[in-house]
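Asker: The amino acid sequence is not available; the structure is as follows:
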């Protein structure tokens, strides 16, 4: 039980995927202009990341390992992620149009989110069990959502702040992200996993 | 050799399974749009001019499907109204003058460029992005793209936009359409008799 909790704390805070491992930076910079879209993107990513880490674990353990084809993991994970995202999008569109309107436009973006592939590959690298893989994916997604929402909230305030001219626009966003990353370095050593 | 074969087979099988899943999902979770909206949309002239007070042809088509009257499209004119009445099985009505009159000849917007002050207001008004220019630079209309909806005339603060009939050139000239097919045939017959 403690192990599982440690995995969650580790992925959310200590080894945060965006600010410490620098994965999934494109949506972090691209979709964080408004808090509302950031929340939508976070929710969609959480859903896809958890599901994708489960599916890729199953494909790896029950197909690739018995056939001695571990070297095909990257390409098969990409296929798994694309299918999971595509299927989710279609199912969501039919069953819940409201949810689709909120998350729909973000789902195709997630297919190319490197954090999703990163989690699937790191699961293999760390020899995670089935439950650990789920938690690892979920924790990574929660960590992603956390910094995404924090960053979007900051950017909304920065947008109306009196920023010196040379720092306006992307520059101040980069500096903010860097400062956030420094702040998250403070969690190093909180848990060792 | 066999390991490569197994690898290829595995990837192919995976691809087929995933493709089947997606194909199944596409059929199973198919979202039916309203087919009548598409049919109405096909009949509208797609000028996206907004003279019907809807933000484009598709929204107007949706409104018609929901019961809006069919006589609010000046660019389409009488022929569109008749086609819509035919499709929907209602009586054709005369064009609603509130939304503008039908033009006899196709028009195109021309900016008098020496008078243009570069305010970009017409660029924002143009529904099809047919006006080029930048702030404090002279603007001009891409004549081939202009649908002649005259939405840009109103916002111009110096009134330097004219609606002019499209000039007949060698490229766009065509024979006059027969005014009345019976009389045309009569004329031909009379000619042949003489």
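Answerer: Structure's in. What do you need? Keep in mind the model is a prediction, meaning the values are calculated, not measured. Numbers count the residues shown, from 1 in each chain, chains lettered A, B, ... in the order given.

Asker: Quick check: the residue in chain A that chain B sits nearest to vs residue A:77, distance?
Answerer: Per Cβ to the nearest Cβ, residue A:94 is where chain A lies closest to chain B, at 3.8 Å. For every residue, glycine as well, the C-beta is placed using N, CA and C. The gap separating residue A:94 from residue A:77 is 26 Å, by Cβ to Cβ, to the nearest Å.

Asker: ok, back up a step: so the residue of chain A closest to chain B sits against residue B:31, correct?
Answerer: Yes: with contact defined as Cβ atoms under 8 Å, residue A:94 and residue B:31 form a contacting pair (6.0 Å).

Asker: When those two are compared, which one has more neighbours?
Answerer: Neighbour count, other Cβ atoms under 10 Å in any protein chain shown: between residue A:94 and residue B:31, residue A:94 has more, with 14 against 9.

Asker: how about the nearest residue to the more buried one, chain neighbours excluded?
Answerer: Of all residues not flanking residue A:94 in the chain, residue B:29 sits nearest, at 3.8 Å (Cβ to Cβ, 6 or more residues apart in numbering or on different chains).

Asker: Number of residues surrounding the one you found?
Answerer: By other Cβ under 10 Å, 15 other residues sit near residue B:29.

Asker: same thing with the one 10 residues further on?
Answerer: Residue B:39 has 14 neighbouring residues, counting by other Cβ under 10 Å.

Asker: Can I take it that it is in a strand?
Answerer: No: secondary structure of residue B:39 (DSSP: H, G, I helix; E, B strand; the rest coil): helix, not part of a strand.

Asker: Kindly report the domain assignment for chain B.
Answerer: Taking automatic domain parsing as the reference, chain B has its domains at B:35-99, B:103-165.

Asker: The residue nearest to residue A:94 touches residue A:88, doesn't it?
Answerer: No: the pair residue B:29 / residue A:88 is not scored as a contact, 10.4 Å apart, by Cβ under 8 Å.

Asker: Output the longest helix belonging to chain B.
Answerer: Using DSSP state H to define each element, chain B has its longest helix at helix B:2-28.

Asker: Can you name every helix or strand that it contacts?
Answerer: When contacts are defined as 3 or more Cβ pairs under 8 Å, 6 or more residues apart in numbering or on different chains; DSSP states H and E, helix B:2-28 sits against helix A:73-95.

Asker: Okay, buried residues for the helix it packs on please.
Answerer: Using 16 or more other Cβ atoms under 10 Å in any protein chain shown as the test for burial, helix A:73-95 gives A:73, A:76-90, A:92-93.

Asker: follow-up on the earlier one: looking at the domains of chain B, spot the one closest to chain A.
Answerer: Evaluated over these, closeness to chain A peaks at domain B:35-99, with 15.7 Å, by Cβ to the nearest Cβ.

Asker: Next, the distance between the ends of the closest one.
Answerer: Domain B:35-99 stretches 27 Å from its first residue to its last (Cα to Cα, to the nearest Å).

Asker: Touching stretch A:88-98 from outside, list them.
Answerer: A:47-48, A:51, A:99-100, A:103-104, A:107-108, B:22, B:25-26, B:28-31 (Cβ atoms under 8 Å, 6 or more residues apart in numbering or on different chains).

Asker: which residues sit against stretch B:29-38?
Answerer: Residues outside stretch B:29-38 that contact it (Cβ under 8 Å, 6+ apart): A:90-91, A:93-95, B:58, B:61-62, B:65.

Asker: Quote the end-to-end distance of it.
Answerer: Using Cα to Cα, one end of stretch B:29-38 lies 20 Å from the other.

Asker: Give me the number of neighbouring residues for residue 61.
Answerer: In the absence of a named chain, this looks at chain A. If you count neighbours by other Cβ under 10 Å, residue A:61 ends up with 14.

Asker: wait, chain B
Answerer: If you count neighbours by other Cβ under 10 Å, residue B:61 ends up with 23.
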